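In: just to be clear, the model below is a prediction. Sequence and coordinates:
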Amino acid sequence: MGVRPLVPDAAARRAVHRAAQAEAALADVPDDELVTRLRADRDDALALVRELGRRALGERAHDNQLLAVVGLLAGRIVQLDTGEGKTLAGALAATLSSVRDRHVTVLAANDYLARRDATWMRPLYDAAGVSVAWVDAASDPEARRAAYAADVTYVPASELGFDELRDRLARDPEERVRGRREVVIVDEADSVLIDQARQPLVLAGAVDDAESDTAMAGLVASMRAGVHYAVTDDGYGVALTPAGEELVEQAFDVDLYSEADGGRILTRANLAVHAEALLTRDVDYIVRDGAVQLVDVTKGRVARLHRWPDGLQAAVEAKEGLVPSRAGEILDSITAAELVQEFGLLCGMTGTAASAAEQFDRMYRLRVETIPPNVPGIRTDEPLALYATRADKLNAVVDRIAAAHATGRPVLVGTPSVADSEELAGLLAGADVPCVVLNAKNHEAEAAVIAEAGRRGAVTVSTQLAGRGVDIRLGGSDGADARADVAGLGGLLVIGTEPHAAARLDDQLRGRAGRQGDPGGSVFFASLDDDLIARHARIRATPAADGRITSAGAVAQAAHAQRVAEGTALRIYANTHEYAVVPRRQRAHVLARREELLALPEPERGARLSFLDRAWADHLAHLAHLRDATPLRSLSGKAPVVEFNAEAVRAFESLLQSAEDDADEFLAAHPDLSDADAEGLGLGRPSATWTYVVRDDPYGSPVERFLLGITRRALGRPDGDERGLTG
């Protein structure tokens, strides 16, 4: 049995009840006395902070919001439905923590929300005598240092991670920007702590520029699927067939498995095949302003600063005929999971935590607590509408949208990709249904579009952008009469054109309707052609004339495919975590040694830090190579992660001492070393550094696919027979 979410316990309910009883008596208490009591009186803290919020913001927290505050302070992930006031609940919890002399970091989903929420909640913090600031991508080092020195700091998880990486490589303690790490409240907790958990944040240093492999990209573009390469049944893997390998050998005049240069050519070929066969423009990425921009499939936005690893980024750029982005060596990396576990108290909030309760427990030992809504929900969620083919499904979707639009009922349609949103918009135009399209190509218009998505007659087609930081109000900005009109039509209708791989992403879309007791409805459509169902279900059923499949068993199998995908994602995370354990411990030793070196004098300090940082960067490159190479060991019955850990330990055994010895030798040879000499002798910092987020490749490492190609040849698989290959 999976981990079940909690509900507020009796103690939490008693605390909220006490706050309700004390509320009336606080109405006439002067502001300064209210603040004094807030800092000293723990028993009435909830009542006091609610009253402070009412006066400062003009918003009285409901009892369910106070229950969320209690859950946060207890170290829980609290689920508050959309429109129930997570921002205020988080600010109240941050205020209570801060007046107890604990620094609070609030992790926001993006730059916009960090800035918006800090500004929005500032009157509350000011009234409590609590300083607040935010960090965004535009913040310079001095602004970051000042923001982290405030009592409460709002910051996107990526920016906090990048600041941590830069602090780790500081040559002087004064260069650091981050401060205390006591309480962290994670907004959109499932997005930050689960979706981003496998996406390392990277600090890179300049090396030689990347070379575009346009020749290989052109060759692969001429190949035929099923003849020169084969995609695995689950769609996650791809490998060259013997015919494809022969084509590469002829084009580059090389024996891929005999000559020294063959392995490098084969790796380039596998990267190009992966880019061609598994990554799709306007689905996985868009091309804009002469660059490949990755799309965050969980949000539908362009994933700023994200790039693929292992040369795959350059392969996609070559496929699109673009100038390759600059290359660099990894100086250090960190994941959001590692980042938040540095804090004394970790808690979070989201509208869709319950369906991720097992992940939160497995990954962080955090329990999910569901908070009841202030007003019971009356949204109607229809069962999955399953169709035989994608064409049948889209016809049904258009018909359903047109029918709702004819009555004036507003419709929000969620699509899985940019390409799907544009295709549906074209079909709606053909049916004379006007719509607004919101996707990664025009996400700047998000707030304005979503704010009006509840107006009478509105049809909004969106990737997973809907409602991010903006509520959909019935009637839009047209006032109370318009709200009543739309409510009488049934409220907002949410339509999903394809289930996501995680149920909580579907729940996020559904949650745009029926906020704060509003009427609303939702329905998801699916087809046997959909990626999720094609990969994780085997359904055989006879459809009706319109392609609809009504068999209860078939619909249940389609729903089960989502649970299979969620289980797969959890196993992938567990595997990733196993590979990260040893490097994380080794990094702790390196950081401890850096702390010691930061108290030695210059220029000796710089010299020793330079040798240590060089050794660590080389070690990270070696670990990356080890991880790519260890899958071959499974052929002999050895567990890859066990072999990886054993070799990682052996490689690290002499790292610290070797760095010390190299530094000793260097300093002995340069007894009168100056800072200028150190720079000239190659001990300076990289000529350029930058940060980015590695998009963890869902289809496996390209080098692993290269190894699978060797495995297939070694096993004598016939041309085109890819059974047993996994990506």
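Out: Noted; the coordinates are in hand.
In: CA only for contacts and neighbour counts going forward, please
Out: Noted.
In: skip ahead from the helix or strand where residue 493 lies and say which helix or strand is next.
Out: Take DSSP states H and E as the rule and residue 493 turns out to sit in strand 492-496. Using DSSP H and E, the helix or strand that follows strand 492-496 in sequence is helix 503-510.
In: can you show me the CA trace of that next one as CSV?
Out: Provided in CSV are the C-alpha atoms of helix 503-510 (Å, rounded to 0.1, in the frame of the first residue of the first chain):
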residue,chain,number,x,y,z
ALA,A,503,-1.6,12.5,-12.4
ARG,A,504,-0.8,15.6,-10.4
LEU,A,505,-0.2,17.5,-13.6
ASP,A,506,-3.7,16.6,-14.7
ASP,A,507,-4.9,17.8,-11.3
GLN,A,508,-3.1,21.1,-11.8
LEU,A,509,-5.1,21.7,-15.0
ARG,A,510,-8.4,20.5,-13.5
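In: and for it, what's in contact with it?
Out: For helix 503-510, the external contacting residues (Cα atoms under 8 Å, 6 or more residues apart in numbering) are 298, 351-353, 355-356, 414, 464, 466, 494, 496, 499-500, 521-522, 562-563.
In: one more pass at 6 Å, please.
Out: The contact list for helix 503-510, computed with Cα atoms under 6 Å, 6 or more residues apart in numbering, reads 352, 355, 522.
In: state the distance from the nearest residue to the first one once chain neighbours are set aside to residue 609.
Out: By that I understand residue 352. Once flanking residues are discounted, residue 352 sits nearest to residue 504: 5.5 Å by Cα to Cα, 6 or more residues apart in numbering. Between residue 504 and residue 609 the computed distance is 45 Å (Cα to Cα, to the nearest Å).
In: mind giving me the packing neighbours of the strand holding residue 493?
Out: Packing contacts for strand 492-496, counted by 3 or more Cα pairs under 6 Å, 6 or more residues apart in numbering; DSSP states H and E, involve strand 411-414, strand 520-527.
In: so which of the ones you listed comes closest to residue 51?
Out: Among the helices and strands packed on strand 492-496, the nearest to residue 51 by Cα to Cα is strand 520-527 (32.6 Å).
In: in its sheet, what does that closest one sit against?
Out: Taking DSSP bridges as the criterion, strand 520-527 sits next to strand 380-381 (parallel), strand 385-387 (parallel), strand 492-496 (parallel) in its sheet.
In: in a markdown table: those, plus mean neighbour count and distance to residue 451.
Out: Converted to a markdown table, these look like this (neighbours: other Cα atoms under 10 Å; distance: least, Cα to Cα, whole Å):
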| stretch | mean neighbour count | distance to residue 451 |
| --- | --- | --- |
| strand 380-381 | 16 | 22 |
| strand 385-387 | 23 | 28 |
| strand 492-496 | 26 | 13 |
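In: let's have these in CSV, adding distance to residue 132.
Out: Below are those laid out as CSV (distance: least, Cα to Cα, whole Å):
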stretch, distance to residue 132
strand 380-381, 40
strand 385-387, 47
strand 492-496, 36
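In: can you add mean pLDDT and distance to residue 331 and give those strands back as TSV?
Out: Shown next, in TSV, are these (pLDDT from 0 to 100; distance: least, Cα to Cα, whole Å):
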stretch	mean pLDDT	distance to residue 331
strand 380-381	96	49
strand 385-387	97	49
strand 492-496	96	42
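In: wait, which of those is closest to residue 323?
Out: strand 492-496 (37.0 Å).
In: let me know the angle separating the closest one from helix 503-510.
Out: 150 degrees (axes from the mean of the first three to the mean of the last three Cα atoms, to 10 degrees).
In: which residues touch strand 492-496?
Out: If you take Cα under 6 Å, 6+ apart as the criterion, strand 492-496 is touched by 410-414, 513, 520-524.
In: what segments of the stretch 51-200 of the chain are helices?
Out: Secondary structure of the stretch 51-200 of the chain by DSSP state H, counting those that start in this stretch: the helices cover 63-73, 86-98, 111-127, 141-149, 157-168, 189-190.
In: one step back: distance of the residue nearest to residue 352 from residue 375?
Out: Distance of residue 504 to residue 375, computed by Cα to Cα: 21 Å.
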